[in-house]
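> Sharing a model that was predicted from the sequence below.
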Amino acid sequence: MKYIVFSISGNKKLAKEVARSLNAELGLVQKKCFADGEIMVKSKSDVKGKDVIIIQSTSKNVNDELFGLLLLLDSAKRSGARSIKLFMPYFAYSRQERVSWTNEPVSCEVVARMIDSADFNNLTCFDLHHPVIETFFKHSIENKPTTSLFAQYYLSYFKDNNISLKDVVVVSPDHGSNSRADMLSKALKNIDIVILDKVRPQPNSAEHLEIDGKLVKDKVCILIDDIIDTGGTIASASKLLLKKGAKSVLVGGTHPVFSKGCVSRIKRSGVTDLVVTNTIEKKLNPSIKVLDILPLILDEIK
Ligand code: R5P
């Protein structure tokens, strides 16, 4: 294979590491913004006859990134790429995967169809918000779990902190994260799972219903979620767990969207440890640990 690896904006470090690991070329991208607001994104490198890998989350200027990605896919195909593997480590709009209120669009399906209309070979995402998203695509799509990274992290955390697995429970902050919690529990020798009931009184705010304190009293709770955005879900869940007597709350979230105020909101809620992955590249406070999805990407390529 003659790989060339691109990222437009979202995952430049990751793209560099993938290229280095494959001993492949790092592709150059040219971006232009026109006076009327239109953009142009193209490959500046020669892709003819090459196997193109594009790694692009949509997380910062979401709509521009999405459209830029469509343009880069078109540029690569028209310029003679032999194959195109697309990685979208974080898939924006994934939380709008159903109609919750009258007249709402299923925005996630709209985005999926747009991407599906491009010419590429396969798509890989990580911890997609909901499995139904896979059905929005006609292209082959791999929804890779990051459970192995979190399990490895927590096993070494417990070893370093003298914590026995019998004192640990996995907590799902809402019913949407049940299967994630279940996978993590299995990877940690089937430790118990506690599922919380979350309500959203208004957009961007989260509250949890009371639970039986016996479930978490004196336990180390691993609160596991896919997306951490405002931090409201984690903060509310953490406060509840600590109020019910949990010994400590460790938070694992795959996608650090981290909107303004998120990290301080989480810190104020009493969380002891916060670990995320690099599906979204961010400058983070060194107290936040970042797990590298590079091995999962390489696994998918080889
Ligand atoms: C919701 O269903 C997701 O799984 C996350 O719990 C949610 O997106 C987190 O958002 P926030 O951090 O704003 O509460």
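Noted; the coordinates are in hand. Numbering: from 1, shown residues only.
> which residues sit in contact with the most centrally placed residue in the chain?
Nearest residue to the geometric centre of the chain (Cα atoms, centre = their mean): His255, 3.3 Å. If you count contacts by Cβ atoms under 8 Å, 6 or more residues apart in numbering, His255 has them with 59, 89-90, 126-127, 226-228, 276-277, 279-280. Backbone N, C-alpha and C define where each C-beta goes, glycine included.
> same thing with Phe126?
Contacts of Phe126 by Cβ under 8 Å, 6+ apart are 89-90, 143-146, 254-255, 277, 279, 293, 296.
> can you give me the strands for the stretch 201-302 of the chain?
207-208, 220-228, 248-256, 273-277, 289-291 (DSSP state E, counting those that start in this stretch).
> Any buried residues in the third one, and which?
Just to be clear, that refers to strand 248-256. Residues of strand 248-256 classed as buried: 248-256 (neighbour count, 16 or more other Cβ atoms under 10 Å).
> just how off-centre is stretch 130-144 within its chain?
Relative to its chain's centre, stretch 130-144 lies at 15 Å (Cα atoms, centre = their mean, to the nearest Å).
> can you tell me the distance between the two ends of stretch 270-278?
Using Cα to Cα, to the nearest Å, the end-to-end distance of stretch 270-278 comes out at 24 Å.
> residues in contact with that stretch?
In contact with stretch 270-278 (Cβ under 8 Å, 6+ apart) are residues 11, 13-14, 89, 126, 146, 149-150, 153, 157, 223, 228, 234, 238-239, 242, 248-256, 263, 266, 284, 287-293.
> what about burial for those, which qualify?
For these, a burial check counting by 16+ other Cβ under 10 Å picks out 11, 14, 89, 126, 146, 149-150, 153, 157, 223, 228, 234, 238-239, 242, 248-256, 263, 266, 288, 291, 293.
> Near the ligand, list only the ones from the residues you listed.
Among these, the residues that sit close to the ligand (Cβ under 6 Å from any ligand atom) are Ile228.
> and the gap between the residue of the stretch 1-150 of the chain found nearest the ligand and Leu215?
Among all residues of the stretch 1-150 of the chain, Arg95 sits closest to the ligand, at 5.5 Å; criterion: Cβ to the nearest ligand atom. Relative to Leu215, Arg95 is positioned 27 Å away (Cβ to Cβ, to the nearest Å).
> Among these two, which residue is more densely surrounded?
Taking neighbours as other Cβ atoms under 10 Å, Arg95 and Leu215 compare with Leu215 leading, 19 against 16.
> Where does the nearest residue to that one once chain neighbours are set aside sit: helix, strand or coil?
What sits nearest to Leu215 in space, not counting adjacent residues and going by Cβ to Cβ, 6 or more residues apart in numbering, is Val194, at 4.9 Å. At Val194 the chain is in strand, as set by DSSP: H, G, I helix; E, B strand; the rest coil.
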